[in-house]
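Asks: Please find the sequence and the predicted model below.
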Amino acid sequence: MGNGDIRVRGLAARAGGWSARHRWAAVGIWVLFVVLAMGLGSAAGTVEVKDSEQLSGETSRAAAIAEDAGIEEPAGETVLIQGKDAAVKATDAEVRAAVDAVMKAVEATGKVTDVTSPYDTDSVSKDGRSALVQFDMRGEADTAGERVEPVLKAVEDVQTEYDSLRIEEIGSASMNKTFDDAFGDDFQQAEYSAVPVALGILLVAFGAVVAALVPVALAITAIVATMGLMGLVSHLQPMDETASSVMLLVGLAVGVDYCLFYLRREREERAAGRDPETALRIAAATSGRAIVVSGVTVCVAMAGMLFTGLATFQAMGLASLMVVAVAMVGSVTVLPALLSLLGHRVEKGRIPFLHPDKRRKGNGGSGNGESRFWTSVLRVVLAKPGISLVVAAGALLAIAAPALGMKTQNLTLDQEFGDSLPIVATYERVNEAFPGGSDPAEVVVKADDINSAEVKSAIADFREQAVSSGASRGPVEVKVHDGQNLAFVYVPLVGGSDLDKAEKSLETIRDEVRPATLGKVDGLEAPVTGQVAGSKDFNDQLAGSVAPVFAFVVVFAFLLMLLSFRSLTIAITSIVLNLLSVGAAYGILVGVFQHGWGASLVGAEGVGAIITWLPLFLFVILFGLSMDYHVFVVSRIREARLRGLTTRDAIQHGVVTTAGVVTSAAVIMVAVFAIFGTLSMQSMKQMGVGLAAAVLIDATIIRGVLLPAVMALLGERNWYFPKWLNRLPDLTHDEAPEAAAPPPPPPAVEGEKVGV
């Protein structure tokens with residue numbers, strides 16, 4: 001069979017072949033798709049997730065009542081006035097003068113409304129030392145942080161006049177401004193630096209500027225197209241900023257990875273003496289197939305987030321699913337068209353000493369694409385697979401062990417930011433003086449007549465019992481909206497920033513105080529919301545969705561691997577190895593961030609808990625992304641097996657020939673995720689460290705040691721496929737025969753179907 005007569009079959013092969021033959025059409029269609037997606041998305045606009053859609057339960061119901069009534073609560077601000085000397089009392093003349101000065105100063109800005117004196121609202125601490133001036137920002141709460149600067153400046157000016165007092169402002173607007181100023185640029189820089197980092201690693205991997213630019217260009221266009229699609233889809237499933245950030249991370253990771261797999265295989269075939277057309281066709285049928293299988297698996301994993309019922313998770317899952325699908329389609333269509341157009345020009349811009357040809361010549365490599373390092377590792381692993389399996393699996397199980405004691409919670413302000421911001425100290429002082437005052441529970445009371453004697457009496461009883469029950473120390477404030485027959489009751493919870501104690505106070509309010517007071521009025525609704533309530537409702541809903549999401553992702557990943565490789569053994573081992581990788585990542589997270597082991601090495605702190613959303617998020621993301629490497633390596637092993645190599649030789653060939661591209665892909669992912677580990681927010685550090693550690697473990701210990709050790713021990717049983725499963729669809733037909741003469745078929749294992 002001549003060099004140009006190699007025949008390939010399958011979706012990826014057909015797509016790559018068509019694109020290579022109609023290269024300008026393929027490129028044009030892709031550019032048109034990206035432009036249309038972005039244009040239509042911009043024209044349609046993006047629908048943001050509403051508060052009432054974030055959660056189910058009481059928190060959602062409270063938000064829905066306020067939205068239906070057309071009430072948008074303003075951003076509340078508080079000014080703490082406290083003597084630096086414990087002997088100074090809130091009733092002293094100097095403190096009273098400072099209170100008056102603060103009230104006049106903030107009113108003079110014209111940015112605030114409803115300024116209240118602590119002496120009118122009883123906002124004086126139990127020890128008599130502290131007082132709170134409270135007011136609301138004018139305008140929409142979401143944008144209040146952009147207008148709070150003059151108010152902060154006015155409070156600072158008053159502080160300069162009273163050296164013996166602490167006069168500090170805190171509230172949703174001032175906190176949002178502080179965080180945006182401190183970390184907004186931080187986030188933006190992290191996102192922007194991800195692309196140059198990926199490009200730099202690709203330059204090292206390929207040693208040529210054009211070859212390095214192609215994957216980055218395709219990943220960026222996939223991200224841009226998905227941004228537009230997110231705008232369109234948001235009219236069915238609202239989106240948020242978190243979904244956009246996750247989409248960028250996932251899109252860059254898989255977009256670059258898929259191109260890397262494809263481009264390296266095409267390069268390898270040309271280096272083996274094949275003409276460009278044949279090399280491209282083989283890459284389409286082999287790496288192209290691996291990309292399709294991997295992409296579908298990643299999409300299935302991301303779809304697991306849709307089962308949480310949490311709007312933010314659903315948005316993240318849908319956005320990630322879309323960018324993976326777009327990157328996958330681009331990799332098997334426009335990429336072969338670009339490679340066909342470029343031909344040998346893909347090697348343009350060679351960098352001295354970095355190009356693979358130079359490296360092979362310099363290190364005595366064979367030029368067959370095999371890694372000398374991994375060849376040495378594989379020699380040891382395959383010589384003693386049992387010992388290798390025990391040592392590697394034992395090490396990962398030991399790393400995963402701390403995960404058994406994982407504690408999850410929403411991080412408080414001091415846990416999230418430590419003492420890096422002055423406002424954190426203010427937050428702690430307010431909570432110490434007024435437990436729960438900075439984040440009170442909010443009861444939204446809806447009645448047929450909010451001013452009826454029965455309702456007024458019930459609200460008065462609620463206020464009294466909220467304090468007498470020990471759930472609050474007061475003051476319990478009420479704001480009535482007569483026209484909408486609504487009242488908002490604000491209850492500072494005992495426990496303050498200690499979420500465990502604050503949640504117990506919340507339970508007392510919900511389960512004891514409310515039924516005994518407001519609950520006695522027929523037709524009255526009184527859902528309890530607020531930061532503590534939202535945290536508890538989020539945790540409860542997330543905990544209930546863990547089992548369905550885990551089951552969905554594991555079952556569908558198993559089925560995809562079963563159909564893609566026609567091997568029951570490979571499907572089972574794939575799931576087990578991926579779960580081991582995720583478990584090790586959990587163990588590292590718990591050790592570093594919960595127990596503080598080595599936390600200083602990554603610039604982190606042992607905050608005593610893992611952010612609530614991270615374990616499920618990591619499971620879905622890692623289970624999807626780790627399939628990239630697994631499918632790519634196992635596809636190469638199976639391909640070698642079908643060419644007639646023994647299972648042992650096929651393992652050796654598959655691992656060492658893919659080691660370079662897997663290493664390059666892993667280094668890119670680790671570098672990009674590690675960037676987010678450098679941010680100051682502990683939740684972002686946890687995400688970055690968890691993702692980077694898991695990818696590193698997956699690409700080295702899992703794929704380089706455990707996978708070959710397990711497959712070597714199983715031998716021909718790797719290809720076991722029971723006869724009763726033969727009726728299942730056969731998705732294994734994309735592999736391409738490589739050489740001139742077809743090799744003899746490998747010996748069949750009972751119950752196995754071998755062939756292309």
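Replies: Cool, the structure landed. Remember, it's a predicted structure, so these values are computed and weren't measured experimentally. Numbering: from 1, shown residues only.
Asks: Output the below-cut-off pLDDT ranges for the stretch 601-750 of the chain.
Replies: Scanning the stretch 601-750 of the chain for pLDDT under 70 picks out the ranges 605, 731-750.
Asks: Low-confidence ranges, the protein, go.
Replies: 1-10, 51-56, 182-189, 191, 353-371, 419-420, 437-438, 496-497, 605, 731-756.
Asks: Show me the strands in it, by range?
Replies: Using DSSP state E, the strands of the chain run over 76-83, 112-116, 130-137, 165-171, 408-409, 441-446, 477-481, 486-491, 528-529, 610-611.
Asks: And these: which comes nearest Val332?
Replies: Smallest distance to Val332 across the strands of the chain (C-beta to C-beta): 36.4 Å, for strand 610-611. To be clear about C-beta, it is placed using only N, CA and C from the backbone, and glycine gets the same treatment.
Asks: for that closest one, packing partners?
Replies: The helices and strands touching strand 610-611, judged by 3 or more C-beta pairs under 8 Å, 6 or more residues apart in numbering; DSSP states H and E, are strand 408-409, helix 682-697.
Asks: And stretch 120-136, end to end?
Replies: Terminal residues of stretch 120-136 lie 16 Å apart, using C-alpha to C-alpha, to the nearest Å.
Asks: how far does it sit from the chain's center?
Replies: Distance of stretch 120-136 from the chain centroid (C-alpha atoms, centre = their mean, to the nearest Å) equals 40 Å.
Asks: List the buried residues of that stretch.
Replies: Going by neighbour count (16 or more other C-beta atoms under 10 Å), the buried part of stretch 120-136 is 123-125, 129-136.
Asks: Stretch 533-549 too?
Replies: By 16+ other C-beta under 10 Å, the buried positions in stretch 533-549 come out as 533-539, 541-542, 545, 549.
Asks: quick one: Val346 and Val210 touch, right?
Replies: Yes - taking contacts as C-beta atoms under 8 Å, Val346 lies within contact range of Val210: 5.3 Å.
Asks: circling back to that earlier point, tabulate the buried residues of stretch 533-549 (JSON lines), appending distance to Ala659.
Replies: Output for these, formatted as JSON lines (distance: C-beta to C-beta, whole Å):
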{"residue": "Ala533", "distance to Ala659": "51"}
{"residue": "Gly534", "distance to Ala659": "47"}
{"residue": "Ser535", "distance to Ala659": "45"}
{"residue": "Lys536", "distance to Ala659": "47"}
{"residue": "Asp537", "distance to Ala659": "47"}
{"residue": "Phe538", "distance to Ala659": "42"}
{"residue": "Asn539", "distance to Ala659": "42"}
{"residue": "Gln541", "distance to Ala659": "43"}
{"residue": "Leu542", "distance to Ala659": "38"}
{"residue": "Ser545", "distance to Ala659": "38"}
{"residue": "Val549", "distance to Ala659": "32"}
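Asks: ok, the residues you listed vs Val391, which is closest?
Replies: Ranked by distance to Val391 (C-beta to C-beta), those are led by Val549 at 32.3 Å.
Asks: quick revisit: could you dump the helices and strands packed on strand 610-611 into CSV with mean neighbour count and distance to Gln82 added?
Replies: CSV is the format used below for the helices and strands packed on strand 610-611 (neighbours: other C-beta atoms under 10 Å; distance: least, C-beta to C-beta, whole Å):
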stretch, mean neighbour count, distance to Gln82
strand 408-409, 17, 29
helix 682-697, 24, 28
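Asks: now the ones you listed in TSV, with distance to Ser331?
Replies: Converted to TSV, these look like this (distance: least, C-beta to C-beta, whole Å):
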stretch	distance to Ser331
strand 408-409	36
helix 682-697	19
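Asks: residue closest to the middle of this structure?
Replies: In the chain, the C-alpha nearest the mean C-alpha coordinate belongs to Val246, at 5.0 Å (C-alpha atoms, centre = their mean).
Asks: State the distance from the nearest residue to Met627 once chain neighbours are set aside to Val324.
Replies: Spatial nearest neighbour of Met627, excluding adjacent residues (C-beta to C-beta, 6 or more residues apart in numbering): Thr297 at 4.3 Å. From Thr297 over to Val324 the distance is 10 Å, taken as C-beta to C-beta, to the nearest Å.
Asks: likewise Gly405?
Replies: Applying C-beta to C-beta, the value for Gly405 to Val324 is 33 Å.
Asks: for Val634, same thing?
Replies: 19 Å.
Asks: and if you look at Arg147?
Replies: Arg147 is 39 Å from Val324, by C-beta to C-beta.
Asks: Of the two, which one has the most company?
Replies: Between Arg147 and Val324, counted using other C-beta atoms under 10 Å, Val324 has the larger neighbour count: 30 against 18.
Asks: and the more buried one, what is it in contact with?
Replies: Val324 is in contact with 250-251, 254, 295, 298-299, 302, 624, counting by C-beta atoms under 8 Å, 6 or more residues apart in numbering.
Asks: Among the helices and strands packed on strand 610-611, which comes closest to Ala43?
Replies: Closest of the helices and strands packed on strand 610-611 to Ala43 is helix 682-697, at 32.5 Å (criterion: C-beta to C-beta).
Asks: Grab the CA positions of stretch 388-401 and hand them over as PDB.
Replies: This file holds the C-alpha atoms of stretch 388-401, laid out as PDB (Å, rounded to 0.1, in the frame of the first residue of the first chain):
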ATOM      1  CA  SER A 388       5.300  -0.200  41.100                       C
ATOM      2  CA  LEU A 389       1.500  -0.500  41.500                       C
ATOM      3  CA  VAL A 390       1.700  -1.000  45.300                       C
ATOM      4  CA  VAL A 391       4.200   1.800  45.800                       C
ATOM      5  CA  ALA A 392       2.400   4.400  43.600                       C
ATOM      6  CA  ALA A 393      -1.100   3.500  44.800                       C
ATOM      7  CA  GLY A 394       0.100   3.400  48.400                       C
ATOM      8  CA  ALA A 395       1.600   6.900  48.000                       C
ATOM      9  CA  LEU A 396      -1.600   8.300  46.500                       C
ATOM     10  CA  LEU A 397      -3.800   6.700  49.100                       C
ATOM     11  CA  ALA A 398      -1.600   8.200  51.800                       C
ATOM     12  CA  ILE A 399      -1.900  11.600  50.200                       C
ATOM     13  CA  ALA A 400      -5.600  11.200  49.900                       C
ATOM     14  CA  ALA A 401      -6.100  10.100  53.500                       C
END
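Asks: what comes into contact with it?
Replies: With C-beta under 8 Å, 6+ apart as the test, stretch 388-401 has contacts from 380-381, 580-581, 583-584, 586-588, 591, 697, 701, 705-706, 709-710, 713.
Asks: I'd assumed Met322 was in contact with Leu229.
Replies: Yes - Leu229 is in contact with Met322 according to C-beta under 8 Å; the separation is 5.4 Å.
Asks: where's Ala87 relative to Asp100, distance?
Replies: 21 Å.
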